[in-house]
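K.L.:
no sequence on this one, just coordinates:
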């Protein structure tokens, strides 16, 4: 049997095209997504070459550019991009820092000088004694594989939006991130007393059960369980909002409220706290 032929939608009259698109979701309209990367290399043989790989509807394209000093060339390219598109139009800068280990300090200093509002790390750290230093006054801090973040480190974070994720295990109890239930209890008490995290507006963790959270964390903290029939629009990460029902409210001494809730991102549930 011959495979079905594609239907020439764009050849239809405009009104017909409009009606067809109304019935389609964005992923049906956009048939493929192309990701383009400009790769600096010290291998002359790779100069000008292009590699393409397909993964489902995704097309990943890499173009290679030779340089005697790939890190320096990358810095210059980044400056050119910043000047051309401006920082406000750059949504994400991804950096792998285990290739040119001898220049890691130089790379980090460059990033600190040019990108100082958001930080996302995806470093696999198995040593609980790792003393990672987190910049202050960030708009957003996203730490994947965050099991190295313990209680004391969490108290020293000073960011508006904080997201802790842990991918190495699907265990979702309150021992994630090496912060125990009694420590979350202390964390919230310090927040209520305005002893820490005065600038915090949003915090997100991997999913955890409300019943366990109540028993292990909120047992001696004044709070209100809001009925599921009550709907509110709450701030999430990157100044986005979400309609939420069924939640827990905690009051700070200055009158601000921390609303703790569970919401879904695609197929995954997230445990979050929005302050308003």
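P.N.:
Arrived safely, thanks for sending. Remember, predicted model here, so these are calculated numbers, not experimental data. Numbering: from 1, shown residues only.
K.L.:
which residues touch the longest helix along the chain?
P.N.:
Once the chain is assigned using DSSP state H, the helix that runs over the most residues is helix 70-85. The list of residues contacting helix 70-85 from outside it, by Cβ atoms under 8 Å, 6 or more residues apart in numbering, reads 38, 40-42, 65, 67, 90, 93, 100, 103, 106-107, 110, 114. Every residue, glycine included, has its C-beta placed from N, CA and C.
K.L.:
buried members of those residues into PyMOL, please.
P.N.:
Filtering the contacts of helix 70-85 down to the buried ones (16 or more other Cβ atoms under 10 Å) takes a single PyMOL command:
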select buried, resi 40+65+67+103+107+110
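K.L.:
let's see which of the contacts of helix 70-85 end up in helices.
P.N.:
The helices in this structure, assigned by DSSP H, contain 106, 107, 110, 114 from the contacts of helix 70-85.
K.L.:
what is the nearest of those to residue 154?
P.N.:
Among the ones in helices among the contacts of helix 70-85, residue 107 lies closest to residue 154 (Cβ to Cβ), at 26.3 Å.
K.L.:
low-confidence ranges in the stretch 1-150 of the chain?
P.N.:
Across the stretch 1-150 of the chain, the ranges flagged by pLDDT under 70 are 1-11, 14, 18, 20-30, 32, 86-97, 123, 125-130.
K.L.:
swap in 80 and give it another go.
P.N.:
1-38, 55-59, 81-101, 112, 114-136, 144-148, 150 (pLDDT under 80).
K.L.:
all strands for it, in order.
P.N.:
For the stretch 1-150 of the chain, the strands defined by DSSP state E, counting those that start in this stretch occupy 33-41, 50-55, 58-66, 118-121, 138-143.
K.L.:
list the buried residues in the helix or strand in which residue 269 is found.
P.N.:
Secondary structure from DSSP states H and E places residue 269 in strand 268-275. For strand 268-275, the neighbour count (16+ other Cβ under 10 Å) marks 270, 271, 272, 273, 274, 275 as buried.
K.L.:
same deal with stretch 152-166?
P.N.:
In terms of neighbour count (16+ other Cβ under 10 Å), stretch 152-166 has its buried residues at 153-155, 157-166.
K.L.:
find the pair from the contacts of helix 70-85 with maximum spatial separation.
P.N.:
Among the contacts of helix 70-85, the pair separated by the greatest distance (Cβ to Cβ) is 42 and 90, which sit 25.6 Å apart.
K.L.:
would you mind measuring from residue 255 to residue 235?
P.N.:
As judged by Cβ to Cβ, to the nearest Å, residue 255 and residue 235 stand 17 Å apart.
K.L.:
neighbour count: those two, which is higher?
P.N.:
More neighbours surround residue 235 than the other of residue 255 and residue 235, with 17 against 6 (other Cβ atoms under 10 Å).
K.L.:
show me what contacts that one?
P.N.:
By Cβ under 8 Å, 6+ apart, the contact set of residue 235 is 201, 202, 241, 274, 276.
K.L.:
contact partners for the fourth one?
P.N.:
Translated: residue 274. Contacts for residue 274 (Cβ under 8 Å, 6+ apart) come out as 201, 202, 234, 235, 236, 258, 259, 261.
K.L.:
do the same with the last one
P.N.:
Taking Cβ under 8 Å, 6+ apart as the criterion, residue 276 is in contact with 234, 235, 256, 257, 259.
K.L.:
quick revisit: and the ones in helices among the contacts of helix 70-85 as JSON lines, adding distance to residue 122?
P.N.:
Below are the ones in helices among the contacts of helix 70-85 laid out as JSON lines (distance: Cβ to Cβ, whole Å):
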{"residue": "106", "distance to residue 122": "21"}
{"residue": "107", "distance to residue 122": "15"}
{"residue": "110", "distance to residue 122": "19"}
{"residue": "114", "distance to residue 122": "20"}
